Structures are given as structure tokens and as C-alpha cells.
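Asker: Sequence plus predicted model, see below.
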Number of protein chains: 2
Amino acid sequence: MSRVSTEAKSKSHSIRAVNALRALIFAGELPPGSDHLESELAEKLGMSRTPVREATLVLESQGLLEVRPRKGVRISALSADDMREIYEVLTELESLAASLAADAHYSKQELSRLKSATLEMEASVAANDRESWARADAAFHDELVRLGGNKRIQTIVSNFNDQVRRARALTLHMRPMPQKSNEDHRALYEAIAKGDSKAAREIHWRHRTEAKDMLINLLNQHGLRRV
Amino acid sequence: MSRVSTEAKSKSHSIRAVNALRALIFAGELPPGSDHLESELAEKLGMSRTPVREATLVLESQGLLEVRPRKGVRISALSADDMREIYEVLTELESLAASLAADAHYSKQELSRLKSATLEMEASVAANDRESWARADAAFHDELVRLGGNKRIQTIVSNFNDQVRRARALTLHMRPMPQKSNEDHRALYEAIAKGDSKAAREIHWRHRTEAKDMLINLLNQHGLRRV
DNA sequence: CAATTTTTTAACGTATACATTAAAATATGC
DNA sequence: GCATATTTTAATGTATACGTTAAAAAATTG
């Protein structure tokens, strides 16, 4: 029997509820700021309230929604200020990860995924393909954090990336092609390969800070108060 | 009717379960590494499994325990490496908070709690009272993070402080009286009062890094593999 | 007797019934 | 008509029954 690609099998309803709700949130079917009763969600997911309640607790801890007794769960909507807070943390922790990665003195071999992500980004820019660039950019950042070797950082960064996912998607097509960004990635790669942790940290810190400023400006310019 | 100090009233069982389990963990009644069935915990807390299950999900997301189906929940036990990871994040985020606090240019008035915490710490050291010093130290760090003004940092730092609580308590009486530490706090206060964010960041970074090294060394010296 | 299979057990996962309670709707008093 | 008190409603919070399934125990087999 062949395994279906949608991975929907065998896991508990509770886990499926977490995945399904995440997917619905990311797809915008549960829009930021909207309220939903447990019973509605349970019906939508074809299960009882029990696993849905458990899922909402998990998602609340990840900042994707807020459980508001008797008012339903509210899908998180981030203000520009929330965005600033999240990016401050992302900037700081990813920069630390970059510094740790440099200190680890990885071999070229071990840095190959980081390298290939930079190449993909450059190809995407050349091809004027934003979606493909965004995927490679995400891969680069994930790999960077992984190379940092700190599981706690990985968890926090992953959660916060989820929270700003929609904002990134919204602004992807408003921004200029990420020319400068690619130069940063290349420089960061070099710093890590050389084991220069101070440079790695600084390059990434500046990189993320600029990304934060651009994102917030774009959201403001386009009147997106909460996303 | 007078409100009893134990705050046990009126909240939901689920919330009480979270608080009660946290208290039991901090008190060492649910020791690190120990396993507990949902049904045991439910009986101990005088409620059904339902709110206990919800509580364990919350506490799992805060890193205080791990839900292991059919093997009970396991109370988290941190290795030296876990400790390093947590302290790396704490160091980084508290240093950022210190820097943000300095940039906020608070008035002496607004910094009064920070100041009074430093005075308490100095008095405690003079009186050779470690417990009192630890309380003031915690108050100082809490206030520092609060002054940073980033709610996400506050949440993360609070969770991680909970996770290393036991380790701190264990080592409190193994360490020398925190003479140097107090000098750091005073210097940090001055940097924040002056609005010198770079200095604030560096002072705190070094302070926390030293604290981390001391903690890990103490745990190793005393053969505490997991706490 | 060791390895494997089968059976049993017990802990969890889920649905559901019901209790609780905040919010909404209605009634009451002025 | 407005403010307050009461009733009603409905969503959540909790207990519980039961199905599911991993792990343990027992039986079987070579």
C-alpha cells in the first residue's frame, strides 16, 4: 500500500488538528484577527472538541492564536510593533547562531547546504523569480540556525518565523529584487567558512536589521495595520 | 471573606493544574527525570485527567516536562549542554534588553526599581545572606528585561529562568559571595542611566557569560549530571 | 530453553454528557 | 426611557466512558 503524500495518516487527531489549523492559518482561511468557536473548528476538522482544544493550547504557546474563553480562539494579528519585537529577537538569535556556526569551524563539506542555498538565491534573482528566492532564503536561514547547534534557538526562531510568515508572503511582491541581500549571504558564508565569528555576527545582524526595516516600511506604506 | 494567600480560588482546574505542577516541580516533589502517569497526577491534584492533560501540554511548551505517551510525563532534567544552550539564549536576549533599556533613556525615577535592586544586593552581600541576594538578583534581571520593553523577550527569558531555577537554587550555596556580580550590576545601571546602549550590552553580556561558566563549573564539580 | 507469537493489560486518545459561568436577552422598577 | 436586576442562552470547562494501541505477560514452538 502506498503512502499518500499528504501525511494525514496514523497520527493522533490532536496532532492532525495542530497541523491542519496551522495550514489553515498560513493559507489565510483563518484570517488574522478572526474568531472561531471550538465547536466550529471541531466540525471543520471532523473531530470532537477534545483534540481541538489540545491543539489550540499548543498553537497558543507558539503565538499563532489566542484562546479567549467564551469568545472563541482568535487568530493572532501582528501590529508593526509586534513585528519589531519579533524581528529584534530573530535578529539577535540568528546572529548568535551565525557566530556559533563560525566558531564551530565547519568543513566546506558541512557548509555545502548553506552554499547551495546562496547559489539558488543568486539564480532566482537572475531569473527574477521571487517565490523561488524566498524558498532558498528560508532554506539558508534554517540551515544557518541549524549550524549554530543550539536547539533552543532553533525552536524559538522556527516559532517566530511561523508568526511572520504571512507578513513575509504579503510583502514578497512589494519589495525590490533582493540584490543586496544576496551579497550579504555570500559574505556571511565566507565569514563562517573562515571561522570569523565576529564578522559573521555583524554581517547577519545588519542583514536582519535591514530586512526588518524594509518589512515594517512596506507594511506601513501599504496600510497593512495588522497581519 | 478574606482572600487566602494561596490564590487557589476561582480559576479553572486547568490553570490550577499548571500552577500546582509548576510548584511541585520547583519544590523538587516531582524530581527531574521522574515519570508520572496522567492518572497519578490527576489524583494528586484532585481532579480528572482532562485538565491535567491540558496543563501538561502547556508545561511541555514551556520546557518543564515532556509528554511521553504511555510512559507518563517526564520532568525535564537538564544536562550541562542544555544549560549552555539556555544560557546562551538568556545571555543574548538579556543583553539585547539591556541595550534597548539604555536606548529608551529612562529617567532616574523610572529606573528606581533597578537601583533599589542593586542596593538590596549590596546589602545582602554585606549581610552574607545568599537567599536575599538571589531574590534581589532575580528582581534586578526581571526589571532589566521589563525595561527593555520587548514582550517576546520577557516571555522567553521567563520560561528559561524557570527551567534553570533548580540549578540556580542548587548552586546558590556552593558559590562564593557574589562580590564581582554586584559591581557588574552597578556598572550596568550606570550605563543604562547614561543611555550608553553599547556599554550596557557588553557589560551584561560579560556578566551573564561569567555566570554561565560558573554555574556549569559548579554543576560539574559537584557531579550533578542532570538537574 | 530461547525466540517468537499470542494474549492480556493498562495508559492514552477521543467522544460525549453534563456542570459552570460569562454574556446576552429580557423583564422590572423608577 | 433608562438603569438595574433577572432570566435565558450558549460556550466553555470537566468528568467519564470507551475505543485504541503500545507495552508487558504468557503461551507456544522449534
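Answerer: Great, that's in hand.
Asker: Please state the backbone phi and psi of the residue nearest the centre of chain A?
Answerer: By C-alpha atoms, centre = their mean, chain A has its centre lying nearest to A:N161, at 2.3 Å. Phi and psi for A:N161, reported as degrees, to the nearest 10, are phi -60, psi -40.
Asker: near DNA strand C, anything from the one helix or strand A:E54 maps to?
Answerer: Assessed by DSSP states H and E, A:E54 sits inside helix A:49-61. Yes: counting by C-beta under 7 Å from any atom of the strand, DNA strand C is contacted by helix A:49-61 at A:R49, A:T50, A:P51, A:E54. Placement of C-beta: from N, CA and C, glycine included.
Asker: Equivalent analysis for stretch A:66-79, please.
Answerer: Yes: using C-beta under 7 Å from any atom of the strand, stretch A:66-79 reaches DNA strand C at A:P69, A:R70, A:K71.
Asker: And the residue of chain A that's closest to chain B?
Answerer: For chain A, the residue positioned closest to chain B under C-beta to the nearest C-beta is A:S61, at a distance of 3.5 Å.
Asker: ok, which residues in chain A are in contact with chain B?
Answerer: Counting by C-beta under 8 Å from any C-beta of the partner chain, the residues of chain A close to chain B are A:53-54, A:57-58, A:61-62, A:85-86, A:88-89, A:92-93, A:96, A:100, A:150-153, A:156, A:160.
Asker: same thing but at 6 Å, please
Answerer: Contacts of chain A with chain B, taken as C-beta under 6 Å from any C-beta of the partner chain, map to A:E54, A:L57, A:S61, A:E85, A:E88, A:V89, A:E92, A:L96, A:N150, A:R152.
Asker: need those in JSON lines with pLDDT and neighbour count, can you?
Answerer: Below are the residues of chain A next to chain B laid out as JSON lines (pLDDT from 0 to 100; neighbours: other C-beta atoms under 10 Å in any protein chain shown):
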{"residue": "A:E54", "pLDDT": "97", "neighbour count": "20"}
{"residue": "A:L57", "pLDDT": "97", "neighbour count": "23"}
{"residue": "A:S61", "pLDDT": "96", "neighbour count": "17"}
{"residue": "A:E85", "pLDDT": "97", "neighbour count": "19"}
{"residue": "A:E88", "pLDDT": "97", "neighbour count": "23"}
{"residue": "A:V89", "pLDDT": "98", "neighbour count": "23"}
{"residue": "A:E92", "pLDDT": "98", "neighbour count": "23"}
{"residue": "A:L96", "pLDDT": "98", "neighbour count": "26"}
{"residue": "A:N150", "pLDDT": "98", "neighbour count": "23"}
{"residue": "A:R152", "pLDDT": "98", "neighbour count": "21"}
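Asker: farthest-separated two in those residues?
Answerer: Distances among the residues of chain A next to chain B were taken as C-beta to C-beta; the most separated pair is A:E54 and A:L96, at 32.7 Å.
Asker: Tell me how many other residues surround A:R84.
Answerer: 17 (other C-beta atoms under 10 Å in any protein chain shown).
Asker: Tell me which residues of the helix or strand harbouring it come out buried.
Answerer: Counting by DSSP H and E, the element that carries A:R84 is helix A:80-103. Judged by neighbour count using 16 or more other C-beta atoms under 10 Å in any protein chain shown, the buried positions of helix A:80-103 are A:80, A:82-103.
Asker: repeat for stretch A:198-217
Answerer: By neighbour count on 16+ other C-beta under 10 Å, the buried set for stretch A:198-217 is A:199-205, A:207-208, A:211-212, A:214-216.
Asker: Okay, helices next: where are they in chain A?
Answerer: Ranges of helices in chain A, per DSSP state H, are A:13-26, A:38-45, A:49-61, A:80-103, A:112-126, A:130-148, A:151-171, A:179-194, A:197-221.
Asker: Fine, thanks again, bye for now.
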